[in-house]
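**Student:** Got a predicted model here, sequence first, then my questions.
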Amino acid sequence: QVQLVESGGGLVQAGGSLRLSCASSGLTFRSFHMSWYRQAPGKERELVASISSGGSTYYVDSVKGRFTISSDNAKNTLYLEMNSLKPEDTAVYYCAARRRLTGKYDYWGQGTQITVSS
């Protein structure tokens, strides 16, 4: 059974930093393309950052230069380092995994809440 479990969320002041982790089990981590999504209240889920199985990364414009996605294949864990946090970063953050580079995701985590106070 595949599981993705996010951790590291919480309350932080604007300008602060957090690191999210997504621990996976039941899948061959290095064979999957991984992403972080977020969903703010009343808004659609949006892609924040992705890392392919080959290590290529993508960031939505609003987080470029502030967030860094990385993965540790030995630990089967995905990370999202978030710096210079802004109140508009407040959302539930989800990790997701898919075998193919495009298309629907195969697995999702349960999400972790990040609240950035001004």
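**Tutor:** Cool, the structure landed.

**Student:** which residues does the residue sitting nearest the centre point of the chain bridge with?
**Tutor:** Nearest residue to the geometric centre of the chain (CA atoms, centre = their mean): Trp36, 2.6 Å. On the basis of DSSP bridges, Trp36 is bridged to Ala49, Cys95.

**Student:** Quick one, grab the pLDDT at it.
**Tutor:** Note for Trp36: predicted pLDDT of 98.

**Student:** Let me see the ranges of the strands in the chain.
**Tutor:** Assigned by DSSP state E, the chain shows strands spanning 3-7, 10-13, 18-25, 33-39, 46-51, 57-59, 67-72, 77-82, 91-98, 107-108, 112-117.

**Student:** and the shortest one, how far out from the chain's middle?
**Tutor:** Translated: strand 107-108. From the chain centre to the centre of strand 107-108 is a distance of 12 Å (CA atoms, centre = their mean, to the nearest Å).

**Student:** what sits against Gly15?
**Tutor:** Residues near Gly15 by CB atoms under 8 Å, 6 or more residues apart in numbering: 84-85. Every C-beta, even on glycine, is put in place using the N, C-alpha and C of the backbone.

**Student:** how close does Gln113 sit to Glu44?
**Tutor:** For Gln113, the distance to Glu44 equals 17 Å [CB to CB, to the nearest Å].

**Student:** Quickly note the distance from Val63 to Thr102.
**Tutor:** With CB to CB as the criterion, Val63 and Thr102 are 21 Å apart.

**Student:** Thanks a lot, see you next time.
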